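Q: Based on what follows, work out the 3D shape:
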Amino acid sequence: MSGTREPGDAGPDRRVVAEIAARVAAQADELAVRIAAAYADDIGDYARVAAAERTEFVRSARANLDALLADLGGVAEPFDRRAFERFGRNRMRMGIPVDAVMRSFTIWGQQVWAAFRESIDPALPAESAASLAIGERIFAHVERAGASTAAGFMREAMLVWSDREVTRNALLEALLTGRADVAEVAGGGLSAARTYSAVVAMPRRDAGTARVETLVRPAVELGERLAAGAHPLVGIRESALVVLWPAEPAGGADAGDLAAALCSELAVAVGVGAARAGLDGVPASYADAAEAARIALLLDAAEPVRHDDVLLERIVLDHPLVGELVSAALGALTTYDERRGADLLRTLQAFVDASSSVTDAARAVQVHPNTVVYRLRRIAQISGHDPRRPRDLLVLSLALLARRLRASPPPQ
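A: Numbering: from 1, shown residues only. Purely as a prediction, here's the structure:
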């Protein structure tokens, strides 16, 4: 006997598997909608797609379900990769990166497995045993459907991008992950001996459904305009625009000049990594730039953010006690403002931004300076931290920063 299984054969539990699949099939429409919603909840590139276009996500989720259910029910036709290649081509045309597409298959598998688990009676040994066969089939479907979808995506990409652009994007990925060698870099027109800075740009929250892919060509043109002959390496990684910029390009423009131009002309949040020598320094510069860009996006910074300018923000974001700090320092103030319609938090932020100047804070919130003084006293009484004392002001300032960075949910 062969140890392999034919499509639709779930081994000794084939009939039980088919019965469980029929239960899930009864809720297939609802499940497809739920899966499509999970895509948008978990993947930023899917969330940016206009609501009217998201019916395509429901359709593809349902098509995947139908193929799996037919397989489990023993009525499957031979796997037809063409339908899934079409889905890949559609995602490419929608501007969704391939890594996001692959992530959607992981989410699909998780959602489908959860639906099957809810339909299985664990008190019945036959159904518990059948769950193993079902899990294998879900995994196998995700693997082959994902591969077919990726193939369709890349074929479409090759039609849209020039060979040079695809090659350079692959080179950028190799450099950012520390896998590029000297010969590969030289073939891409770069020098392994030079010093490079990474610049990372992310579409702002108010950019609507703007696709990061649409920024590649303008970024290349900006780079060439700033420094003819610089040949910046531009591509997409993890839903962000990445530019690898030589530290001493022709024309004298540095990474900061490029970042400023990206901010002003493309309306993006930009982070700049430190200039580091050689290929080995590229991943570290990219990591710094990506973190700075994330902070720039959270703070809605209108100017480029350099990694060494946001060291405090990085500490606040990563510290495990930040949620406790926000709750302890600002929780009571938030509750007071919500119940009384007061403006204590806004006044406190203005006072911090004004470097503890009562006059400037009053101007910012458009009240009399005496009102600011009164509100500062109320802040001290309610929060237990007096903003007129240096240490208390430090605690309040850090809590406000953490709140702006959304490092924790707003205090209740």
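Q: Show me the shaky parts of the stretch 201-350 of the chain.
A: Applying pLDDT under 70 to the stretch 201-350 of the chain picks out residues 205-210, 228-231, 248-252.
Q: Helices along the stretch 251-400 of the chain, start to end?
A: Applying DSSP state H, counting those that start in this stretch to the stretch 251-400 of the chain gives helices spanning 255-266, 282-298, 311-318, 322-340, 344-353, 358-365, 369-383, 390-404.
Q: which helices and strands sit right next to the longest one?
A: Here helix 322-340 touches helix 344-353, helix 369-383, helix 390-404, going by 3 or more CB pairs under 8 Å, 6 or more residues apart in numbering; DSSP states H and E. (Each C-beta comes from the backbone N, C-alpha and C, glycine too.)
Q: quick one: the closest residue to Arg144 other than its chain neighbours from Phe57, how far?
A: Spatial nearest neighbour of Arg144, excluding adjacent residues (CB to CB, 6 or more residues apart in numbering): Phe79 at 6.1 Å. Applying CB to CB, to the nearest Å, the value for Phe79 to Phe57 is 21 Å.
Q: Those two - which one has more neighbours?
A: More crowded of Phe79 and Phe57, by other CB atoms under 10 Å: Phe57, with 25 against 15.
Q: quick one: what helix or strand has the more buried one in it?
A: helix 55-73 (DSSP states H and E).
Q: Starting from that helix, tell me the next helix or strand along the chain.
A: With DSSP H and E, the next secondary element past helix 55-73 is helix 81-93.
Q: avg pLDDT for that next one?
A: The average pLDDT within helix 81-93 is 84.
Q: Spatially central residue for the chain, please.
A: Geometric centre of the chain, nearest residue: Gly44, 5.3 Å, by CA atoms, centre = their mean.
Q: Quick one: residues contacting it.
A: Shown in contact with Gly44 (CB atoms under 8 Å, 6 or more residues apart in numbering): 100, 239.
Q: Over to Tyr196?
A: Residues near Tyr196 by CB under 8 Å, 6+ apart: 244-247, 275-276, 281-282, 285.
Q: now with 6 Å?
A: The contact partners of Tyr196, taken as CB atoms under 6 Å, 6 or more residues apart in numbering, are 244, 246, 282.
Q: Report the angle between the host helix or strand of it and helix 255-266.
A: Element membership for Tyr196 (DSSP H and E) is strand 195-203. Interaxial angle of strand 195-203 relative to helix 255-266 (axes from the mean of the first three to the mean of the last three CA atoms, to 10 degrees): 20 degrees.
Q: Burial check on the nearest residue in space to Leu172 that is not next to it in sequence, number of neighbours?
A: Distances taken as CB to CB, 6+ apart place Gly235 nearest to Leu172, at 4.0 Å, with adjacent residues excluded. For Gly235, the count of nearby residues is 22 (other CB under 10 Å).
Q: what's the answer for Ala123, then?
A: Here the number of neighbours of Ala123 (other CB under 10 Å) works out to 7.
Q: One more: Arg155?
A: 13.
Q: avg pLDDT for stretch 119-132?
A: Per-residue pLDDT over stretch 119-132 has a mean of 88.
Q: ok now that stretch, how far from the chain's centre?
A: Distance, stretch centre to chain centre, for stretch 119-132: 37 Å (CA atoms, centre = their mean, to the nearest Å).
Q: Start and end of that stretch, how far apart?
A: 14 Å (CA to CA, to the nearest Å).
Q: Pull the residues that contact that stretch.
A: Counting by CB under 6 Å, 6+ apart, 13, 16-17, 20, 23-24 sit against stretch 119-132.
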